[in-house]
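Colleague: My questions are about this predicted structure, shown below with the sequence.
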Protein chains: 2
Amino acid sequence: MSTAAVIIIGNEILSGRTRDANLPFLGKRLAELGINLLEVSIIPDDEQTIINTVNQYRQRFTYVFTTGGIGPTHDDISTVSVAKAFNIPLEINSEAVGYLENYYEAGTINNARLKMAHIPVGATLIKNPISAAPGFQLENVFVLPGVPEIIQAMFDGISDRLVGGPPVLTRTIATDLRESILAEGLEIIQNQYPEVAIGSYPYFRMGRLGVNLVMRSTLSANLDRVYKDIECLIHQLGGEIISAE
Amino acid sequence: MSTAAVIIIGNEILSGRTRDANLPFLGKRLAELGINLLEVSIIPDDEQTIINTVNQYRQRFTYVFTTGGIGPTHDDISTVSVAKAFNIPLEINSEAVGYLENYYEAGTINNARLKMAHIPVGATLIKNPISAAPGFQLENVFVLPGVPEIIQAMFDGISDRLVGGPPVLTRTIATDLRESILAEGLEIIQNQYPEVAIGSYPYFRMGRLGVNLVMRSTLSANLDRVYKDIECLIHQLGGEIISAE
């Protein structure tokens, strides 16, 4: 199965100021494509850290996605850092310049805007339908911006470059039973169906604890069986099903 | 300066199903304590991956926090994995049993509940004021649950074990100017005040791009100077200040 990792580059996420919104999107889209997202790293805008993380991940995973740090300001260092990870120089990419010229008013391409057309030699561009400045792909590494709306608009342009497998299907049941009441029965079901990953996630809402039981598998028949078994387990234990999907 | 890393353990975050809410909390609290959060890793419920990440991080950072996977179900493997990372066995911790006995009705401590009192030998417990099952500290590694409300309630119990520095102060200005218009002036200010980290974060709202400019420093006088300089820069460039704090 194809695997993936995401590198979220940005001091603003580490400071707790900005809540990342790209991982929920990428996690879901990769699951639909049957690509197994195995690791995410959130790192600061620091060149050596970016170089090390990119070089480690591109060996370990089929696909690597970076988010953030490809804009025009002094703290946007992802492009130059990824290029250094590959030991490839930057060049002014004429296709990228064309996108910027189409987008900005004539004569307003200043140095900061031109910075966004500096792309590693040999990279394949990723079109940005919202604000023109492109991302790029270098071997198995996809370099994307940080703004969620822009990543989402760009992702359709790269999904046909990704080779996945059967999509990972998901079902969820929420119940008012405590995890410690469910644990024994859940483990028996899990051992019976090792090809369905059963996750148990407690939550705390309106002063009460509940549990989301999440089943994930590429095999829909087995997923249905596990769903039914868990439904019966909750019933037998005297619990209520709060929601199911 | 003290440094920190967070290991978020959980398939539910990688699948995109659950949006992590702990990093925004931990990032802010660590900044207040003057501890520099340098890296976050999101990894699956996989023993070897947990062991490797814990062992790598506890060498590299002053403090390591793990979240998730210390409950009673089959997919809760953080405690046993962290113990293996330290090569320390688990034992039934009598103090932890006491907490559970106080919390649950008499005679209802089943095996699943008792699992939450299996703690590595020599670990210091972290009290859980909400649902009794404690976290624990082993050297510089703090093992916490995944439910945000519980982590938040537990954190006050460990903050006095952490040695930080002066708190990192933050100011933010949002403007309607484009990053590419601001870039040159921002870089001049950044070079003048290297001890203030200036971040530029574009956002897309109601169909329009804007920028949040975030200044972070432990030095309040320099922070105020940078704030004033950025205010003037926006004014000179004909921009509007949408919000400031």
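Modeller: Yep, it's here. Predicted model, so just to flag it, every value in this text is computed and none were measured.
Colleague: Without its sequence neighbours, what residue ends up closest to the most centrally placed residue in chain A?
Modeller: Closest to where the C-alpha atoms of chain A average out (CA atoms, centre = their mean) is A:Leu26, at 3.0 Å. Nearest non-adjacent residue to A:Leu26, counting by CB to CB, 6 or more residues apart in numbering or on different chains: A:Val6, 5.7 Å away. Where you see a C-beta, it was placed from the backbone N, CA and C, and this is true even at glycine.
Colleague: Can you name the residues that contact that neighbour?
Modeller: A:Val6 makes contacts with A:Asn22, A:Leu23, A:Leu26, A:Leu37, A:Glu39, A:Val40, A:Ser41, A:Val64, A:Phe65, A:Thr66, A:Thr67, as judged by CB atoms under 8 Å, 6 or more residues apart in numbering or on different chains.
Colleague: where does chain A have low pLDDT?
Modeller: For chain A, applying pLDDT under 70 flags no range at all.
Colleague: ranges for the helices of it?
Modeller: A:11-14, A:22-32, A:47-60, A:78-86, A:94-103, A:111-115, A:148-159, A:179-192, A:220-236 (DSSP state H).
Colleague: Which of these sits closest to A:Gly135?
Modeller: Between A:Gly135 and the helices of chain A, the tightest spacing by CB to CB is seen for helix A:148-159, at 5.9 Å.
Colleague: Wondering if that closest one reaches chain B at all.
Modeller: Yes - residues of helix A:148-159 contacting chain B under CB under 8 Å from any CB of the partner chain: A:Pro148, A:Glu149, A:Ile150.
Colleague: any idea which of these is the one closest to A:Pro166?
Modeller: A:Pro148 (27.2 Å).
Colleague: so who does A:Ser131 touch?
Modeller: With CB under 8 Å, 6+ apart, A:Ser131 has these contacts: A:Tyr103, A:Val147, A:Ile150, B:Pro202, B:Phe204, B:Leu209.
Colleague: ok, those vs A:Pro129, which is closest?
Modeller: Using CB to CB, A:Ile150 comes nearest to A:Pro129 of those, at 8.4 Å.
Colleague: Correct me if wrong: that closest one contacts A:Lys127.
Modeller: No - when contacts are counted by CB atoms under 8 Å, A:Ile150 is not listed as touching A:Lys127 (10.8 Å).
Colleague: Which of those two has more residues huddled nearby?
Modeller: A:Ile150 (22 against 16; other CB atoms under 10 Å in any protein chain shown).
Colleague: hang on, the earlier thing: take the contacts of A:Ser131 and write them to TSV, including distance to B:Asp45.
Modeller: Converted to TSV, the contacts of A:Ser131 look like this (distance: CB to CB, whole Å):
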residue	distance to B:Asp45
A:Tyr103	44
A:Val147	31
A:Ile150	32
B:Pro202	35
B:Phe204	34
B:Leu209	39
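Colleague: rewinding a little: show only the entries of the contacts of A:Val6 found in strands.
Modeller: Of the contacts of A:Val6, the ones assigned to strands by DSSP state E are A:Leu37, A:Glu39, A:Val40, A:Ser41, A:Val64, A:Phe65, A:Thr66, A:Thr67.
Colleague: What residue spans form the domains of chain A?
Modeller: A:3-159, A:169-244 (automatic domain parsing).
Colleague: Pull up the distance across the last one, start to finish.
Modeller: Chord length of domain A:169-244, first to last residue, is 14 Å (CA to CA, to the nearest Å).
Colleague: next one: the first one
Modeller: Terminal residues of domain A:3-159 lie 14 Å apart, using CA to CA.
Colleague: what's the answer for stretch A:85-104, then?
Modeller: End-to-end distance for stretch A:85-104: 31 Å, by CA to CA.
Colleague: Pull out the buried residues from that stretch.
Modeller: Going by neighbour count (16 or more other CB atoms under 10 Å in any protein chain shown), the buried part of stretch A:85-104 is A:Ala85, A:Phe86, A:Ile88, A:Leu90, A:Asn93, A:Ala96, A:Val97, A:Tyr99, A:Leu100, A:Glu101, A:Tyr104.
Colleague: from the chain's centre, how far out does that stretch sit?
Modeller: Centre-to-centre, stretch A:85-104 and its host chain are 25 Å apart (CA atoms, centre = their mean, to the nearest Å).
Colleague: try stretch A:210-222
Modeller: For stretch A:210-222, the separation from the chain centroid amounts to 20 Å (computed by CA atoms, centre = their mean).
Colleague: Please apply the same query to stretch A:37-44.
Modeller: Centroid separation for stretch A:37-44 versus its chain: 9 Å, with CA atoms, centre = their mean.
Colleague: swap in stretch A:32-43?
Modeller: 5 Å.
Colleague: what about that stretch, near chain B?
Modeller: Yes - contact of stretch A:32-43 with chain B (CB under 8 Å from any CB) involves A:Leu37, A:Leu38, A:Glu39, A:Val40, A:Ser41, A:Ile42, A:Ile43.
Colleague: Ok, stretch A:201-216 next?
Modeller: Yes - against chain B, stretch A:201-216 shows contacts by CB under 8 Å from any CB at A:Tyr201, A:Pro202, A:Tyr203, A:Phe204, A:Leu209, A:Val214, A:Arg216.
Colleague: Drop anything exposed from those.
Modeller: A:Tyr201, A:Pro202, A:Leu209, A:Val214, A:Arg216.
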